[in-house]
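K.L.:
How does the following fold in three dimensions:
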Amino acid sequence: MKDTKDAKDNILIIEDEDGIARILQLELEHEGYGVGRAADGRTGLEMAQSGDWHLVLLDVMLPELNGVEVLRRLRQGGSTIPIILLTARDTVPDKVSGFEHGANDYVTKPFAMEELLARVRNVLRMFKASREGESEDVLKIGDLTIELITRKVFRKDHSIDLTPREFELLLYLARHKNEEKTREEILSDVWGYEYIGDTNVVDVYIRYLRQKMDKGYRHKLLHTVRGVGYMLREPDA
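P.N.:
Purely as a prediction, here's the structure:
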């Protein structure tokens, strides 16, 4: 690995196409990042688990272990390192699957290098901001409790099991409680990039949250704002 004494952050590239990996390495090093590389999923998983990385660029189609399996094992092991998936598949179900397993962002090949670098900066910025904001420890919205350090969520005394992306969406809405948020705002602020076109991914995740935190409760916290988007609202607001 490159000497990272003066680098902004260390980034691990897990990509089996040597040409793509080499270009990514050169561009990232030019931006001042420290860079490591792995050419298969098993080696990449081992490096991600043992190294001091601030972000992982993870190809989906890899030998040994595919990228989604690498992602799943990292998250199951408790790793919160930001991960951007690189893939040629760009359907909404594919994206939802990646986010469900804990990806922080999703970049479709072929991509413009400027866009990828912007995504890297955004994900790193958002991750650091979320860590700095965790001094709050706990957020409460009515009978909903969000523990920021443990990332646990409760409705009354019942634990709610959320995926990493569901948690980030809920946390965002909770920090902006009683505020109307458009789908575009949610995509930009939670997913960390400007998403042009299909906003179905937000609707999908809102539906997931409703099933887990509102179903069976008299007072609903998550509301649709017709013609605008969504809002997490205090029961008496």
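K.L.:
Break this protein down into its structural domains.
P.N.:
Following automatic domain parsing, one finds the domains of the chain at 10-132, 137-232.
K.L.:
okay, those domains, which one's buried deepest?
P.N.:
Neighbour counts (mean count of other Cβ atoms under 10 Å) averaged over each of the domains of the chain peak at domain 10-132, with a mean of 18. Quick note: C-beta positions are derived from backbone N, CA and C, even for glycine.
K.L.:
What residues does Gln211 make contact with?
P.N.:
Neighbouring residues of Gln211 by Cβ atoms under 8 Å, 6 or more residues apart in numbering: there are none.
K.L.:
Leu57: what secondary structure?
P.N.:
Following DSSP: H, G, I helix; E, B strand; the rest coil, we place Leu57 in the strand state.
K.L.:
scratch that, Met231
P.N.:
Look at Met231: counting by three-state DSSP, its state is strand.
K.L.:
Distance of it relative to Glu184?
P.N.:
15 Å (Cβ to Cβ, to the nearest Å).
K.L.:
still on that earlier bit, using TSV, lay out the domains of the chain together with mean pLDDT.
P.N.:
Shown next, in TSV, are the domains of the chain (pLDDT from 0 to 100):
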stretch	mean pLDDT
domain 10-132	88
domain 137-232	86
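K.L.:
In this protein, which helix is the longest?
P.N.:
The longest helix of the chain (DSSP state H) is helix 113-132.
K.L.:
right, and the helix or strand after it?
P.N.:
strand 138-141 (DSSP states H and E).
K.L.:
so what's Leu71 up against?
P.N.:
Contacts here follow Cβ under 8 Å, 6+ apart; on that basis Leu71 touches 58, 83, 85, 98, 101-103.
K.L.:
Make sure it is indeed in a helix.
P.N.:
Yes - according to three-state DSSP, the state of Leu71 is that of a helix.
K.L.:
Could you check how far the residue nearest to Glu100 when sequence neighbours are not counted is from Arg155?
P.N.:
Leaving aside its sequence neighbours, Glu100 sits nearest to Thr163 (Cβ to Cβ, 6 or more residues apart in numbering; 5.3 Å). Thr163 sits 17 Å away from Arg155, going by Cβ to Cβ.
K.L.:
A helix includes Ser79, no?
P.N.:
No - counting by three-state DSSP, Ser79 falls outside a helix, being coil.
K.L.:
Any idea how far stretch 31-42 is from the middle of the chain?
P.N.:
Taking Cα atoms, centre = their mean, to the nearest Å, one finds the center of stretch 31-42 at 19 Å from the center of the full chain.
K.L.:
my bad, stretch 63-79
P.N.:
How far stretch 63-79 lies from its chain's middle: 14 Å, per Cα atoms, centre = their mean.
K.L.:
Now for the spatially most central residue of the chain: which residues touch it?
P.N.:
Centroid-nearest residue in the chain: Asn104, 2.1 Å away (criterion: Cα atoms, centre = their mean). Residues in contact with Asn104, defined by Cβ under 8 Å, 6+ apart, are 82-84, 123, 126-127, 192.
K.L.:
Now it. Nearest residue, chain neighbours left out?
P.N.:
Pro82 (4.6 Å).
K.L.:
Next: Leu116.
P.N.:
Using Cβ to Cβ, 6+ apart and skipping residues adjacent in sequence, the residue nearest Leu116 is Val107, 5.8 Å away.
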